[in-house]
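mind looking at a prediction? Sequence and model below.
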Amino acid sequence: MSDGARGFDDSEVSGPHSGVSAAPEGLLGRTIDQRYRVEALLGEGGMGLVYRVIHTRLNKPLAIKVLRRENTKDPEVLARFRREAESASGIGNQHIVDINDFGELDDGSTYFVMECLEGLDLIDAIDVAQRMPEERAIHIAIQLCRALGAAHHAGIIHRDLKPENVFLIRRNDTEDFVKVLDFGIAKVANGPKRLTRAGEVLGTPHYMSPEQCEGDGVDHRTDIYALGVLLYEMVTGHVPHDADTMMGILTKQMYEDPIPPKVRVPQVSEELEHLIMRCLEKKPEQRYQTMHAIEADLQRVHAGQQPIGPDTVTLTPTRPPPRERPKVSPIYLGGLGMAVLALVGTLAMNAYTHHRTDTGRASLTGSLATPEASVSAPSAEENADLEPSDAQTIPAAADGAEAEAKEARSKPLRRKPRPRVKPSPQRDQAILDPWK
């Protein structure tokens, strides 16, 4: 088995990896349960270690997964580990890893025995190819649909589908024969309702559905979203959403639409792009509803036909719809319009009043200037009739009138103060109590 460590990686978001209580080489060379001789360490994960063993009676290579001793004290982890063995062995599909045996070591550690796979995991296959040809990606995806469809039919949801949990082997004359691994956080429909704490997020961020990122209840359609992510990554070489932090990835999964595959790789067919994008819908009711429907459309795309797509017409939403903004009442709009008109009218009336006031001031100033203009020099005949002393007083009078006019112009015009009603006890009482 090449690079088996990645093939059995069972890391998750719920918490950091536990430390190894004993050296991984502690089991090497030992015989477990008088029939499983440990030969090599294949890999380590958050829950346990995977060894290559030989069945001494059958001389058959197998793999054994041992739960870390410190994790056996955690009832939740122990139940999850046992569920992985029960889930995988209860499905009975050729594309799901076979579980052969289950038991305990002398120190209390729990283990289960499974088939030993010779090949490479999907993440290595993507790294080698950088981006897969469309035919190869469809071939792998069809087998994933069959494996997960069988699991869903048995009431089991994987919830952690990722390239590290998809192993590619050669069986008979078939290349890229798919084996699905690691049902460690699988959800069983008819089992206990919750093996995790409320609001706990389980899974791998790049492959988690929006409802899984929110910590809401999930159903089999969370695996459909993860399958869409795998298809996207196989044909483009990129995951749909990526960020520098885990929270950044979760936020994008919930709120951002992925870049269409053809934008990244123009060679991707429109039919396959349409299928992938329907798997990646944010709302579960807008995605494909079964793995069988996806497999049928993948067969059509492979044959050059148009995919039918999911049935989203007869389905009811499974998540609460977004809040709708309250509609504005016509009465409210009418009242608002009248208020605006009243405000405009008030402003216009104020402008008109100020204009009339300025006009009145200008006319009053002109009337004050009239006496100055009316005072003129007497005619020659009048001057001839006047006495010399009277003739000398005329210029003086004209000068006095002109001075008075200038003084009047220099004084600002003031309105007469309004007469104010003197307060009285009867008036004050009426204001305080208008009903009397």
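Cool, the structure landed. These numbers come from a predicted model, not from an experiment.

so where do the helices sit in the stretch 51-200 of the chain?
75-91, 122-129, 134-153 (DSSP state H, counting those that start in this stretch).

in TSV: these, plus mean pLDDT.
Conversion of those to TSV gives the following (pLDDT from 0 to 100):
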stretch	mean pLDDT
helix 75-91	75
helix 122-129	94
helix 134-153	96
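
domains in the chain, by residue range?
Domain segmentation of the chain under automatic domain parsing yields 4-115, 119-302.

for the last one, measure first residue to last.
Spelled out, that is domain 119-302. Domain 119-302 has an end-to-end distance of 25 Å (criterion: CA to CA, to the nearest Å).

correct me if wrong: His238 contacts Arg264.
Yes: applying CB atoms under 8 Å, one finds His238 in contact with Arg264, separated by 6.2 Å. Yep, even glycine has a C-beta here, placed from its N, CA and C like the rest.

Thr353 belongs to a helix?
Yes: Thr353: assigned to a helix according to DSSP: H, G, I helix; E, B strand; the rest coil.

just for the stretch 51-200 of the chain, where's the confidence low?
Within the stretch 51-200 of the chain, the segments meeting pLDDT under 70 span 184-200.

now the strands: where do they sit in it?
Under the criterion DSSP state E, counting those that start in this stretch, the stretch 51-200 of the chain carries strands at the ranges 60-67, 99-104, 110-115, 119-121, 156-157, 166-171, 174-180, 187-188.

tell me which of those strands lies nearest to Leu231.
For the strands of the stretch 51-200 of the chain, the distance to Leu231 is smallest for strand 166-171, at 11.6 Å, taking CB to CB.

residues contacting Gln143?
Applying CB atoms under 8 Å, 6 or more residues apart in numbering to Gln143 gives the contacts His95, Asp176, Phe177, Val178.

so how many other residues sit close to Ala154?
The tally of other residues near Ala154 (other CB atoms under 10 Å) stands at 16.

gap between it and Tyr225?
Look at Ala154 and Tyr225: by CB to CB, to the nearest Å, they are 20 Å apart.

need the strands of the stretch 51-200 of the chain in a markdown table (columns: mean neighbour count).
Formatted as a markdown table, those follow (neighbours: other CB atoms under 10 Å):
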| stretch | mean neighbour count |
| --- | --- |
| strand 60-67 | 21 |
| strand 99-104 | 16 |
| strand 110-115 | 21 |
| strand 119-121 | 22 |
| strand 156-157 | 24 |
| strand 166-171 | 18 |
| strand 174-180 | 19 |
| strand 187-188 | 22 |
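
tabulate these (TSV), appending distance to Phe81.
Shown next, in TSV, are those (distance: least, CB to CB, whole Å):
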stretch	distance to Phe81
strand 60-67	5
strand 99-104	10
strand 110-115	6
strand 119-121	21
strand 156-157	15
strand 166-171	19
strand 174-180	17
strand 187-188	14
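
point out where the stretch 301-436 of the chain drops to low pLDDT.
Scanning the stretch 301-436 of the chain with the threshold set as pLDDT under 70 gives 311-329, 358, 360-399, 401, 404-436.

now with 90?
For the stretch 301-436 of the chain, applying pLDDT under 90 flags the ranges 309-338, 341, 343-345, 347-436.

that older thread, want to throw the domains of the chain into a markdown table with distance to Thr353?
Conversion of those to a markdown table gives the following (distance: least, CB to CB, whole Å):
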| stretch | distance to Thr353 |
| --- | --- |
| domain 4-115 | 72 |
| domain 119-302 | 56 |
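
most packed of those domains?
Most buried of those, by mean neighbour count (mean count of other CB atoms under 10 Å): domain 119-302, with a mean of 19.

thinking Val113 is in contact with Asn100, fair?
Yes: at 4.7 Å, Val113 counts as touching Asn100 under the criterion of CB under 8 Å.

any residues in contact with both of those two?
In the contact map built from CB under 8 Å, 6+ apart, the residues linked to both Val113 and Asn100 are Leu62.

hmm, back to that, now the contacts of Gln143 in a markdown table, with distance to Leu120?
Shown next, in a markdown table, are the contacts of Gln143 (distance: CB to CB, whole Å):
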| residue | distance to Leu120 |
| --- | --- |
| His95 | 16 |
| Asp176 | 10 |
| Phe177 | 12 |
| Val178 | 12 |
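
which among the residues you listed gets closest to Thr245?
Sorting the contacts of Gln143 by how near they are to Thr245, with CB to CB, puts Val178 at the top with 31.7 Å.

quick check, the closest one in contact with Arg171.
No: the pair Val178 / Arg171 is not scored as a contact, 9.7 Å apart, by CB under 8 Å.

give me the common contacts of the two.
With the criterion set as CB under 8 Å, 6+ apart, the contacts of Val178 and Arg171 do not overlap.

report the two of the contacts of Gln143 separated the most.
With CB to CB as the measure, no two of the contacts of Gln143 lie farther apart than His95 and Asp176, at 11.4 Å.

what segments of the stretch 201-350 of the chain are helices?
In the stretch 201-350 of the chain, the helices defined using DSSP H, counting those that start in this stretch lie at 210-213, 221-236, 246-255, 261-264, 270-279, 291-302, 330-374.
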